[in-house]
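[1] structure for the following, please:
(one chain, ligands or ions: 1)
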Amino acid sequence: MKWQNLISWVSALILLGLLITYFILFFFPYSIDFSFKEVNNNFSITAEGSTSMQFYPNMRFPTSTITYSIDKVGCTVKKIADMKRAFSSIQDQTSLSFIELPENGAITIVCESTTRVEEGLYIAGEGGPSNVTQTGLFNVISKGNILLIREDRCQTPSIAIHELLHVLGFDHSTNKNNIMYPVTNCKQTIGQDALDLINELYKTPSYPDLAIQNASASFTGNYFTSNVQIINQGLSLANNSTLIIYGDDKEIKRVDIEELDYGYGRIISFERLLTSKRYDKVEYDIEYNGNEISKENNKAILIIKK
Ligand SMILES: [Zn+2]
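    Prediction:
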């Protein structure tokens with residue numbers, strides 16, 4: 001009767017084994033799913049990389065209210081809805097606001113229904129700034145284009161957000177969890193560092209910023225020779241201003257400067273301008289009645305060599 005005993009023992013062991021397997025299979029996976037693993041979705045995986053998120057430094061539109069127009073002809077209802085959700089998403093998370101215009105918005109959105117494959121990957125869309133002006137303080141984007149190609153299969157409009165961030169000046173990220181990674185997947189998110197950079201860039205008000213960039217002055221006897229460059233390095237057009245030149249605090253010359261758009265400058269030159277004496281100090285002062293990003297750079301003082 002010993003072998004019967006053995007069979008009972010073996011059967012009991014098999015049953016126990018099955019029970020354990022059952023518990024592992026049916027309960028353990030849930031306990032894995034519940035465990036929370038923090039995902040790094042930042043644009044730059046390394047902290048020092050945060051300054052190079054954009055194609056050029058300090059890229060922004062002139063104002064924090066940005067217009068857009070959708071060329072609806074080639075767009076499906078889904079693509080239009082995704083694009084609008086992308087605008088809402090950035091608007092909700094930053095200081096930016098987007099306004100739709102029937103045409104001629106700063107951002108133009110067009111769609112294409114053909115399938116495009118490059119290097120074995122489906123092209124989801126294209127986007128970027130199309131007009132950038134370097135002003136000194138900023139690389140000002142005045143126009144951008146978005147082309148939506150593939151229909152998005154994600155719950156969040158990943159493709160539209162990705163292309164919109166390109167238009168706002170953002171380059172590709174090397175972080176697979178970030179929405180700016182070149183290959184899209186539905187788990188990717190924006191990352192706080194890019195949102196923080198947007199808010200930081202648009203903190204500066206949309207004013208002009210007149211500044212004296214280069215100034216040189218010399219005297220030959222009582223004759224004054226000078227070159228001075230005035231630039232608008234700000235974010236909007238500067239109306240008429242006046243350049244006043246002083247010699248030892250006495251006014252030598254006054255020059256009216258017509259309006260200057262951002263990114264533009266003017267060179268003002270004098271050759272052998274007769275003055276009442278040879279001054280030791282020459283001061284250049286831009287008088288402007290309106291607001292400016294900074295008034296401190298409106299002045300330059302030169303000490304004339306003896
Ligand atoms: Zn891209």
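
[2] which stretches of the chain have low pLDDT?
    Residue ranges of the chain with pLDDT under 70: 1, 21-37, 46-51.

[3] can you list the domain ranges for it.
    Domain assignment for the chain by automatic domain parsing gives 47-201, 210-303.

[4] adding mean neighbour count, write those out as a markdown table.
    The C-beta positions use only the backbone N, C-alpha and C, and glycine is treated the same way. Below are the domains of the chain laid out as a markdown table (neighbours: other Cβ atoms under 10 Å):
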| stretch | mean neighbour count |
| --- | --- |
| domain 47-201 | 17 |
| domain 210-303 | 16 |
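
[5] can you add distance to I20 and give those domains back as TSV?
    Output for those, formatted as TSV (distance: least, Cβ to Cβ, whole Å):
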stretch	distance to I20
domain 47-201	33
domain 210-303	68
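
[6] to K2, which of the ones you listed lies closest?
    domain 47-201 (59.7 Å; Cβ to Cβ).

[7] centre of the chain to the closest one, how far?
    Taking Cα atoms, centre = their mean, to the nearest Å, one finds domain 47-201 lying 10 Å from the centre of the chain it belongs to.

[8] then stretch 13-22?
    Remark: stretch 13-22 is offset 59 Å from the chain centroid, using Cα atoms, centre = their mean.

[9] which SSE is immediately downstream of the helix or strand where I230 lies?
    I230 is located in strand 223-232, with elements delineated by DSSP states H and E. Once strand 223-232 ends, the next helix or strand along the chain (criterion: DSSP H and E) is strand 241-247.

[10] packing partners of that following strand?
    Applying 3 or more Cβ pairs under 8 Å, 6 or more residues apart in numbering; DSSP states H and E, we find strand 241-247 packed against strand 223-232, strand 250-257, strand 281-287.

[11] the host helix or strand of S130 pairs with which strands?
    Following DSSP H and E, one finds S130 within strand 125-134. Take DSSP bridges as the rule and strand 125-134 pairs in its sheet with strand 139-148 (antiparallel).

[12] residues touching the closest residue to V167 other than its chain neighbours, list them.
    Distances taken as Cβ to Cβ, 6 or more residues apart in numbering place G144 nearest to V167, at 3.4 Å, with adjacent residues excluded. By Cβ atoms under 8 Å, 6 or more residues apart in numbering, G144 lies in contact with 106-108, 127-130, 166-168.

[13] save the residues you listed as a markdown table, and put in distance to S95 too.
    Conversion of the contacts of G144 to a markdown table gives the following (distance: Cβ to Cβ, whole Å):
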| residue | distance to S95 |
| --- | --- |
| A106 | 16 |
| I107 | 17 |
| T108 | 23 |
| G127 | 21 |
| G128 | 22 |
| P129 | 19 |
| S130 | 23 |
| H166 | 19 |
| V167 | 17 |
| L168 | 12 |
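
[14] where along the stretch 51-200 of the chain do the strands fall?
    59-60, 65-70, 97-100, 107-111, 117-118, 121-122, 125-134, 139-148 (DSSP state E, counting those that start in this stretch).

[15] looking at those, which is closest to T204?
    strand 59-60 (8.2 Å).

[16] okay, the helices and strands packed on strand 241-247 in JSON lines with distance to T204 next?
    Formatted as JSON lines, the helices and strands packed on strand 241-247 follow (distance: least, Cβ to Cβ, whole Å):
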{"stretch": "strand 223-232", "distance to T204": "14"}
{"stretch": "strand 250-257", "distance to T204": "23"}
{"stretch": "strand 281-287", "distance to T204": "19"}
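
[17] which among those is found nearest to F61?
    Closest approach to F61 among those (Cβ to Cβ): strand 223-232, 16.7 Å.

[18] returning to what we had before: for N185, find the nearest of the helices and strands packed on strand 241-247.
    Smallest distance to N185 across these (Cβ to Cβ): 43.6 Å, for strand 223-232.

[19] pairing partners for that closest one, with directions?
    Short version: by DSSP bridges, strand 223-232 pairs with strand 210-220 (antiparallel), strand 265-274 (antiparallel).

[20] make JSON lines out of the ones you listed and add distance to D71.
    Formatted as JSON lines, the strands paired with strand 223-232 follow (distance: least, Cβ to Cβ, whole Å):
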{"stretch": "strand 210-220", "distance to D71": "38"}
{"stretch": "strand 265-274", "distance to D71": "36"}
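
[21] closest one to G74 among these?
    With Cβ to Cβ as the yardstick, what comes closest out of these is strand 265-274 (41.5 Å).

[22] nearest to A12, of the domains of the chain?
    domain 47-201 (45.8 Å).

[23] my guess is V282 contacts I245. True?
    Yes. Counting by Cβ atoms under 8 Å, V282 touches I245, with 6.5 Å between them.

[24] what's the helix or strand for Q4?
    helix 2-34.

[25] enumerate the beta-bridge partners assigned to the closest residue to K299 other than its chain neighbours.
    Once flanking residues are discounted, K299 sits nearest to D285: 5.4 Å by Cβ to Cβ, 6+ apart. Note on D285: beta-bridge partners I244, K299, judged by DSSP bridges.
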